[in-house]
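Q: Attaching a predicted model along with its sequence, questions to come.
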Amino acid sequence: MIINMHAHIQVDENKGSVSVSGLGLGEYVDHCRKIGVEKACICDYHAKFNVQVRDAMNMYPDFFVGVGNPDPDNDAPDIVDTFHAWGFRGLKLIYPGRNYDDEAYFPFYERAASHKMFILFHTGYVASGGDGRSVSYERMQPVHLDSISRAFPELKLIGAHLGNTGFCLQAAEVAAKVPNVYFDLSGGTVRWMPYSLLKILFCKSAEVNLRTTGEVTNMELFKKIVFGSDSPLPEVLIEFYDNLFNAFNVDEETRKDIMFRNAQKIMGL
């Protein structure tokens, strides 16, 4: 079984159609179930189509999990209450005007914590856009999740894309050390990382003080990973996750944690 913690809807306003990964909603649900994906958390890219996320969830309530996308620089914090009333289980944040751990955003986090909603944060580089917004991936560093987790230890946080290449070491450190922070491995840069860099991320010295040059898999990090596909169809990321598990000899129980049990814990399923 697989639970996809990170998928996006695409809305064609001209046609009035909604899709996920290029497939109509029903097609996507059928396709996912055939490959073992039992649930998918869906969100919007730009805090514009939250109603369409709600409608998709209501059409397929046994499959889609709604994730609301607030604009914390312009929305009031009570939008989180609205999302919760709709049945959403989480929030997605991207394109912040301030650092994620700026206290101006704390009222949003407080509302999410009170409703036991998780928060999915985009971390690291974000694709270029031409809509005039001020975008800096300096504001979306994984280390900000560490300080948020200290202020809200009951809040479940997920960093998307393992910080991308620019902040991947930072993301790995936060994931391995901070109890309530997880990361997914979606995105383009993570899947293009060479094995040499992945070894740095997912291995550690077998003994302290360099008593040996041997290396072992850093299971503390692996245990804090969740499955997410982002924009591609899930099988694209399933291949990457499987290859990564095989490369680092990840045991079967940890694989289950990554592919669905961590998600169950985060969402209280």
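A: The structure has been received and is ready for your questions.

Q: By mean pLDDT, which helix or strand of the chain comes out lowest?
A: In the chain, no helix or strand scores lower on mean pLDDT, DSSP states H and E than helix 188-191, which sits at a mean of 91.

Q: Grab the CA positions of it and hand them over as CSV.
A: C-alpha atoms of helix 188-191 as CSV (Å, rounded to 0.1, in the frame of the first residue of the first chain):
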residue,chain,number,x,y,z
GLY,A,188,13.5,17.2,-10.2
THR,A,189,16.7,17.9,-8.4
VAL,A,190,16.5,15.1,-5.8
ARG,A,191,16.0,12.5,-8.5
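
Q: Show residues contacting that helix.
A: 124-125, 161-162, 164-165, 168, 185, 237, 240 (CB atoms under 8 Å, 6 or more residues apart in numbering). C-beta coordinates here come from the backbone N, C-alpha and C atoms, glycine included.

Q: Over to stretch 204-222?
A: Under CB under 8 Å, 6+ apart, the answer for stretch 204-222 is 172, 175-177, 199, 201-203, 248-250, 254, 258.

Q: Out of the residues you listed, which end up buried?
A: The neighbour count (16 or more other CB atoms under 10 Å) marks 172, 175-176, 201-202, 248, 250, 254, 258 as buried among the contacts of stretch 204-222.

Q: out of those residues, who's nearest I79?
A: A175 (28.3 Å; CB to CB).

Q: now the strands for the stretch 51-200 of the chain?
A: Along the stretch 51-200 of the chain, counting by DSSP state E, counting those that start in this stretch, strands occupy 64-68, 90-93, 118-122, 157-160, 181-184.

Q: Can you give me every residue that contacts C203?
A: Going by CB under 8 Å, 6+ apart, the list of residues near C203 reads 215-218, 248.

Q: Could you report the neighbour count for N14?
A: Other residues near N14 number 6, with proximity taken as other CB atoms under 10 Å.

Q: Export the contacts of helix 188-191 as a markdown table, with columns for pLDDT and distance to P96.
A: Listed next are the contacts of helix 188-191 as a markdown table, based on pLDDT from 0 to 100; distance: CB to CB, whole Å:
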| residue | pLDDT | distance to P96 |
| --- | --- | --- |
| G124 | 94 | 13 |
| Y125 | 89 | 14 |
| H161 | 97 | 15 |
| L162 | 97 | 19 |
| N164 | 95 | 16 |
| T165 | 93 | 20 |
| C168 | 97 | 20 |
| L185 | 98 | 22 |
| L237 | 98 | 25 |
| F240 | 98 | 27 |
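
Q: Out of the residues you listed, flag the one nearest to N4.
A: L237 (8.4 Å).

Q: Identify the residue nearest the closest one in space, chain neighbours excluded?
A: Leaving aside its chain neighbours, L237 sits nearest to S229 (4.5 Å; criterion: CB to CB, 6 or more residues apart in numbering).

Q: Hmm, that neighbour is touching V236, no?
A: Yes. S229 lies in contact with V236 (CB atoms under 8 Å); the separation is 6.9 Å.

Q: Of the two, which one has the most company?
A: S229 (28 against 14).

Q: need the contact list for the more buried one.
A: 4, 6-7, 21, 40, 186, 236-237.
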